[in-house]
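Novice: From the sequence below, what's the structure:
(4 chains)
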Number of protein chains: 2
Amino acid sequence: MKYSVSKENHLKAIFHLQQEQGLVTTNALAAALRTRPASVTDMLKKLKEQKLLIYERYKGFKLNTEGRKAAVQVIRKHRLWEYFLVKKLQFGWDEVHDIAEELEHISSRALIDRLDAFLGHPETDPHGDPIPDSQGRLQVRRQTCLADLPLNKTVQVSGVASQTPEMMEVLQHNHIRLGTRLEIKKKFPFDDSLEIKVRNRPPVTLSARVAKNVLVTYDESLTERR
Amino acid sequence: MKYSVSKENHLKAIFHLQQEQGLVTTNALAAALRTRPASVTDMLKKLKEQKLLIYERYKGFKLNTEGRKAAVQVIRKHRLWEYFLVKKLQFGWDEVHDIAEELEHISSRALIDRLDAFLGHPETDPHGDPIPDSQGRLQVRRQTCLADLPLNKTVQVSGVASQTPEMMEVLQHNHIRLGTRLEIKKKFPFDDSLEIKVRNRPPVTLSARVAKNVLVTYDESLTERR
DNA sequence: CTTCAATTTTAGATTTGTCTAAAATTAATT
DNA sequence: AATTAATTTTAGACAAATCTAAAATTGAAG
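Specialist: You can find the predicted model right below:
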C-alpha cells in the first residue's frame, strides 16, 4: 500500500506521540507537524476511512495494527537513510534529519532492502535509535535519560532528545557521542547536576538540563557485546 | 530555487525533447509525460510566469537559460542516483529508472554533491548518458545510433534508446552491454540488418530495428582511454 | 449544576495539478 | 481560397491538502 507524503508524515508523527502518551490529541499532532488543528482533523478523517487508525470525534486517536505497520516502514526508511548519510556520505550527526525527512518517502521496497544490505543491516541510526528490520519489528530497548539513572551503572549513549546546535556543542566538547559508554559518579542535589565518567577521560560535570536530554540504553547486550 | 515535482518533470521532459527538435510542441510533451495537452498548457503558463521558458500561444516553446539550468540539475540528480543504484546497490541496468525518477526530486544540494564525491565523480550513468557536473556543464558527445554508422569504425556502446525488456534480452544474448566496443562488418541492404563484431567473439547479426536503438559514441577518447 | 475556557470539529475558501469538453487557431487538402 | 482536420487553448470541474473563522463539544471551576 502506498500513501501520500502528507499521510506518511501524519502516521509517523502519531506513532511517535503515542509512544509517550497512549492516546494522541489533535492539538499535539498539529504542533508536532507544524500545522493547524483543523487540518489534522481533516487528515484524521481520511486516515480513519483508510482504516489506519482508531478515532472517535473529540476523544483522541491512535494507530491500529495497519497504521502502525505503515508508520514503522517510514521510520525504517528514515533511519536507514540517516545511517547512509552519516556513514557513507560523511554528513555530520546533526545535519541529516531534514534530508532523511525527504528520502523516507521514496517508495521502492527493493531500494530500501538493498540499502539495508549495503549498509550491513545496521541496528541503530546515527542518533542511536533502533532501526526496524525488514519485517517491521522494532527492537524495544530500555531507554531513559541520563538524569533518571542510579550511580555507577554503565550505560551507552543512544540518542539525544532535543538536538539543538547548542546542545550538540556541549556534548561534542565533553567527548560524548553516540555509543559512548559512561557511568554516573556523583549527583549534586543542589542543582541536580551530575558528575560522569567516560573511560580514559577525566570526569566531567553535566547540568540537569543536559542530562535530561541525553538518552542512554542499559540492556544486557551491553555487558555481552563488544 | 526549488520547484515542485511536477514542474521538475516538465522541465526535464522539455529539455530532452528540445535536444531533438528545436521547438517543443504541446502534444509531444503531453505524450512524453503521459498527461493531457490541456494539462501541459496549464503548466506552460506557470513555467512562463516563473520565467523558465520561452513560449508563445500556439507556436511552441523551449527552455530559456534559467529553465535549462533547472532541467540539467534534475538530470544530474537522476543520473547520479542511477549510478549509485547500479554500482553500489547492485541493481540491474534496467531496473533503476523508476526509482531514480523518484530520487531525482530530493532537493538537498549538499546531498547530491556528496553523493557525487562518494561515487568518485562518475562521467556517465549506467546507460552511458553523460552526467552533468556540479556547475551544470553537460558533456556533449557525438552519439548516433548503430544504424547510421559506416563500416569498420570502432565505437563504444553508450546507451539504448528504447529500453523494453525484449530489447534488453536481444542485447544480453549478443553480449552487448554498456561500454562494449564493436564495429560494423557488413550491411545488408535487403532488410538493413547489420553484421557486427565484438572483440573475442564470433560476428553476430542485428536487425535494423535493434540497430536503430543502440546508441554509440565515437569520439577521440576511444582510441586514447583504456 | 451551570458557566466559561480550552479543545476539537465543521463550513467554506484557497492552491496546485489534473481532467473533459468545447472553442480557437493553425495547417493541410482539395 | 475554402473547408476540413489536427493542434492547442480556454472554460469549468475535481481531488488533495491546507487554511481561517465560526460552531460544537468537553471538562473545570465556581
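Novice: Residue A:123: what's it in contact with?
Specialist: A:130, A:131, A:139 (C-beta atoms under 8 Å, 6 or more residues apart in numbering or on different chains). C-beta coordinates here come from the backbone N, C-alpha and C atoms, glycine included.
Novice: what's the answer for residue A:143, then?
Specialist: Here residue A:143 is in contact with A:158, A:159, A:215, A:216, A:217 (criterion: C-beta under 8 Å, 6+ apart).
Novice: Check residue A:12 too.
Specialist: Contacts of residue A:12 by C-beta under 8 Å, 6+ apart are A:71, A:74, A:75, A:78, A:104.
Novice: Secondary structure for the residues you listed - can I get that in TSV?
Specialist: Below are the contacts of residue A:12 laid out as TSV (DSSP: H, G, I helix; E, B strand; the rest coil):
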residue	secondary structure
A:71	helix
A:74	helix
A:75	helix
A:78	helix
A:104	coil
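Novice: of all the contacts of residue A:123, which comes closest to DNA strand C?
Specialist: Using C-beta to the nearest atom of the strand, residue A:130 comes nearest to DNA strand C of the contacts of residue A:123, at 29.3 Å.
Novice: partner residues bridging that closest one?
Specialist: residue A:124 (DSSP bridges).
Novice: Could you report the neighbour count for the nearest residue to residue A:119 once chain neighbours are set aside?
Specialist: Computed as C-beta to C-beta, 6 or more residues apart in numbering or on different chains, the closest residue to residue A:119 that is not its neighbour in sequence is residue A:83, at 5.6 Å. When counting by other C-beta atoms under 10 Å in any protein chain shown, one arrives at 23 neighbours for residue A:83.
Novice: ok but residue A:83 is inside a helix, no?
Specialist: Yes. Under three-state DSSP, residue A:83 falls within a helix.
Novice: For residue A:89, see how far away it is.
Specialist: The gap separating residue A:83 from residue A:89 is 10 Å, by C-beta to C-beta, to the nearest Å.
Novice: How about residue A:209?
Specialist: 32 Å.
Novice: Those two: which is more packed in?
Specialist: More neighbours surround residue A:89 than the other of residue A:209 and residue A:89, with 18 against 14 (other C-beta under 10 Å).
Novice: Can you tell me the closest non-neighbouring residue to that one?
Specialist: Setting aside the residues directly before and after it, residue A:89 is nearest to residue B:114 in space (C-beta to C-beta, 6+ apart), at 4.2 Å.
Novice: Can you report how many residues lie near residue A:34?
Specialist: Residue A:34: 6 neighbours (other C-beta under 10 Å).
Novice: near DNA strand D at all, stretch A:42-54?
Specialist: Yes. Against DNA strand D, stretch A:42-54 shows contacts by C-beta under 7 Å from any atom of the strand at A:42, A:43, A:46.
Novice: Also stretch A:56-74?
Specialist: Yes. Applying C-beta under 7 Å from any atom of the strand, one finds stretch A:56-74 in contact with DNA strand D at residue A:58.
Novice: Could you tell me the end-to-end distance of that stretch?
Specialist: 25 Å (C-alpha to C-alpha, to the nearest Å).
Novice: try stretch A:81-101
Specialist: 9 Å.
Novice: Would you confirm that residue A:99 contacts residue B:111?
Specialist: Yes. Proximity of residue A:99 to residue B:111 meets the contact threshold set by C-beta atoms under 8 Å, at 5.3 Å.
Novice: Now do the contacts for the residue most central in space within chain A.
Specialist: When C-alpha atoms, centre = their mean is applied to chain A, the residue found nearest the centroid is residue A:129 (4.9 Å). By C-beta under 8 Å, 6+ apart, the contact set of residue A:129 is A:79, A:158, A:159.
Novice: The closest residue to residue A:176 other than its chain neighbours in helix, strand or coil?
Specialist: In space, and not counting its chain neighbours, residue A:176 is closest to residue A:157: 6.0 Å by C-beta to C-beta, 6+ apart. Using three-state DSSP, the structure places residue A:157 in strand.
Novice: Report pLDDT for residue A:157.
Specialist: At residue A:157, the model reports a pLDDT of 83.
Novice: The one 5 residues further on too?
Specialist: The pLDDT attached to residue A:162 in the predicted structure is 74.
Novice: My guess is it contacts residue A:213. True?
Specialist: Yes. Counting by C-beta under 8 Å, residue A:162 touches residue A:213, with 5.3 Å between them.
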